[in-house]
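*Asks:* Sharing a model that was predicted from the sequence below.
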Amino acid sequence: MIEKVTFVTQPSVSIAESIIDYMQGHEQQFSAMLFSKHDVKDARFQFVAASLRVDMVEFDDDHQSGLAHVSYGIHFFWPCNNQDETDTFQEKLPFIINNNQVTFTLKIHQPWIIL
């Protein structure tokens, strides 16, 4: 399943700053896609709230597209020894820019099937 997230850049700051502010302020719009890359059927896994960070915004030569380098946390609970851990993952999310609108096209992955 494909989902698009579109927003208008803020004229008072750079496009990169607009992307960072929007992504970190609207984590819930990106967390479903990021979390879907993990075993979402296993209730021991959870996306760590407020863990989405934009590490870098990279633009193509034409400044009409680029990549947002993000990191986020996935929490896992080990019930056998009552321990939990948080692992950090990195992704590069592509975007396009058209008339001061930034659009991310996010692929929601299907749940894992264990055979």
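*Replies:* All right, it came through fine. Numbering: from 1, shown residues only.

*Asks:* all strands of this structure, in order?
*Replies:* In the chain, the segments counted as strands under DSSP state E are 2-8, 45-47, 53-59, 65-78, 83-98, 101-107.

*Asks:* so how far is residue 97 from the most centrally placed residue in the chain?
*Replies:* The residue lying closest to the centre of the chain (Cα atoms, centre = their mean) is residue 30, at 4.3 Å. Computed as Cβ to Cβ, to the nearest Å, the residue 30 to residue 97 distance reads 17 Å. For glycine as for every other residue, the C-beta is placed from the backbone atoms N, C-alpha and C.

*Asks:* Leaving out sequence neighbours, find the closest residue to residue 9.
*Replies:* Closest residue to residue 9 apart from its sequence neighbours, by Cβ to Cβ, 6 or more residues apart in numbering: residue 18 at 4.0 Å.

*Asks:* got a list of what residue 23 touches?
*Replies:* 30, 52, 54, 68, 70 (Cβ atoms under 8 Å, 6 or more residues apart in numbering).

*Asks:* Save those residues as JSON lines, and put in distance to residue 84 too.
*Replies:* Converted to JSON lines, those look like this (distance: Cβ to Cβ, whole Å):
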{"residue": "30", "distance to residue 84": "23"}
{"residue": "52", "distance to residue 84": "19"}
{"residue": "54", "distance to residue 84": "26"}
{"residue": "68", "distance to residue 84": "28"}
{"residue": "70", "distance to residue 84": "23"}
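
*Asks:* how about TSV for the residues you listed, with pLDDT and distance to residue 106 added?
*Replies:* Shown next, in TSV, are the contacts of residue 23 (pLDDT from 0 to 100; distance: Cβ to Cβ, whole Å):
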residue	pLDDT	distance to residue 106
30	95	7
52	96	13
54	98	15
68	98	11
70	97	11
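
*Asks:* out of those residues, which one sits closest to residue 3?
*Replies:* residue 30 (9.6 Å; Cβ to Cβ).

*Asks:* From residue 79, how far out is the closest one?
*Replies:* Note on residue 30: its distance to residue 79, by Cβ to Cβ, is 29 Å.
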